[in-house]
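Trainee: heads up, no residue letters with this:
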DNA sequence: CACTGTTGTGAACGATTGTTTACCTCAGTG
DNA sequence: CACTGAGGTAAACAATCGTTCACAACAGTG
């Protein structure tokens, strides 16, 4: 159990406002996304509505009719934009990873060199990415499991790369004497898993309405991550 | 994203052996469970099969026919033991919490007094509970969200109590000067959430076949949790 | 032996699923 | 103006969903 969902699950995971009436979420995540390429306006709206519905009810419990009717369309229109429900989920998951990886890469570029500031930048961007768009974060965190096999393995590879990036930072920090990892340098991957597990769950209980702003919460998780890494000082 | 699932998701979350052929899991979790009361043998087998199938495919993607055919039964037989699919899930989630709470309670009773050893005992039992039966742990962690509203709120209350138990330990430790919480004594709940998030995800990627034994992994998470708590020494 | 409650079967129910089809509308273009 | 392709509708498709029904097998009990 995670039980943070117990904190605000009713407001976050259950009674979130329907995406239909929240254009900010749509704009922020889909309207001007460069990686979505030539996708039409209608296709992006379908993606946005899917993210909201998947977040609340899960992909398996969300029907094509749920998605299209949330956009004021009929089921048939869906297939003018996507080949299948599986492809929609695939595009959604890809896009979510794209956004998160870009955010992390940018943060690390803007940060100082060295394992400690780079790790801090990674964790901060990772948490922030989960907070500013919990719906997309949730989808890429739990729904990719239900993709068709080929697409599933591709996403798995992508996720592993991201984790490895953090593990490399930890190992470098350990070698440099900045970090004191729980199991020595060889435990870098395991500590990275701990960090990412801890941070990714924020998207499940975070309530943008009542809670503190993302950067405050992210800062706390940076401190926590550095404690896990055994940062000196 | 959690990305621990990327470690062994294919072996743990995808291609786990069908429950039908693994009587050990059945016996361990359901055959002699006291809290399941007067439930018949067939009912317990249905619960066991449900746990395996829900773990692999999710409750929403698992049909009554999947469950009954895994037990060598026809769909109609299901309703001699449970009123509905929702009730089955409810019994499953209740039982999972029962087991976990009992395990934690026993561990704390057997442990020394004081916030630090009690916290260590809590975390160790919590992690171990997620490792010795990942299927049940997964179900109570993510599937309870899909319960009917009345049952859902009841489970939420139960989960909150468990988290509060850990938060109280942290706060007592902070007051006693044993812990140095990230946000001071008032941050006890937030640190508890971090710990439980980090620990509960183990059930998603843990592979009983290849990985190290549960007590070794649990020990690592105890150390990590104490770091998060800012334990002195 | 008759009876009763439990646990199973096999067939069926209405609803819903993802998807396809035939057709319509209409802006853009040679 | 004729035409074409994009994007929409309404209706239907077979499959599957949770659930119910009438009935059978059978152990336990008076």
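Mentor: Structure received. Model, not experiment: these values are computed from the prediction.
Trainee: Would you quantify the distance from the most centrally placed residue in chain A to residue A:48?
Mentor: Nearest residue to the geometric centre of chain A (C-alpha atoms, centre = their mean): residue A:137, 2.8 Å. Taking C-beta to C-beta, to the nearest Å as the measure, residue A:137 falls 14 Å from residue A:48. In short, each C-beta sits where N, CA and C put it, glycine included.
Trainee: Let me know the secondary structure of the residue nearest to the centre of chain A.
Mentor: Under DSSP: H, G, I helix; E, B strand; the rest coil, residue A:137 falls in the helix class.
Trainee: so what's it up against?
Mentor: If you count contacts by C-beta atoms under 8 Å, 6 or more residues apart in numbering or on different chains, residue A:137 has them with A:96, A:100, A:129-130, A:200, A:203, B:1.
Trainee: Most remote residue from the middle of chain A, which is it?
Mentor: residue A:177 (30.9 Å).
Trainee: any idea what sits nearest that one, other than its immediate chain neighbours?
Mentor: Using C-beta to C-beta, 6 or more residues apart in numbering or on different chains and skipping residues adjacent in sequence, the residue nearest residue A:177 is residue A:232, 7.7 Å away.
Trainee: can I assume the one you found sits in a helix?
Mentor: No - counting by three-state DSSP, residue A:232 is not found in a helix; it is coil.
Trainee: That one: what's it in contact with?
Mentor: Residues near residue A:232 by C-beta under 8 Å, 6+ apart: A:177-180.
Trainee: Give me the pLDDT value at it.
Mentor: At residue A:232 the predicted local confidence, pLDDT, stands at 88.
Trainee: Then residue A:106?
Mentor: 98.
Trainee: Name the SS class of it, please.
Mentor: Assigned by three-state DSSP, the conformation of residue A:106 is helix.
Trainee: my read: it touches residue A:124, true?
Mentor: No - with contact defined as C-beta atoms under 8 Å, residue A:106 does not reach residue A:124; the gap is 11.5 Å.
Trainee: For chain A, which residues are neighbours of DNA strand C?
Mentor: A:62-66, A:75-76, A:78-79, A:84-86 (C-beta under 7 Å from any atom of the strand).
Trainee: Which of the residues you listed are buried? Put it as a PyMOL command.
Mentor: Applying 16 or more other C-beta atoms under 10 Å in any protein chain shown to the residues of chain A next to DNA strand C, the buried members can be selected in PyMOL as follows:
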select buried, chain A and resi 62+64+78+85
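Trainee: returning to what we had before: how much space separates the residue nearest to residue A:177 from DNA strand D?
Mentor: 54 Å (C-beta to the nearest atom of the strand, to the nearest Å).
Trainee: do the same with residue A:69
Mentor: 9 Å.
Trainee: How many residues are close by that residue?
Mentor: 14 (other C-beta atoms under 10 Å in any protein chain shown).
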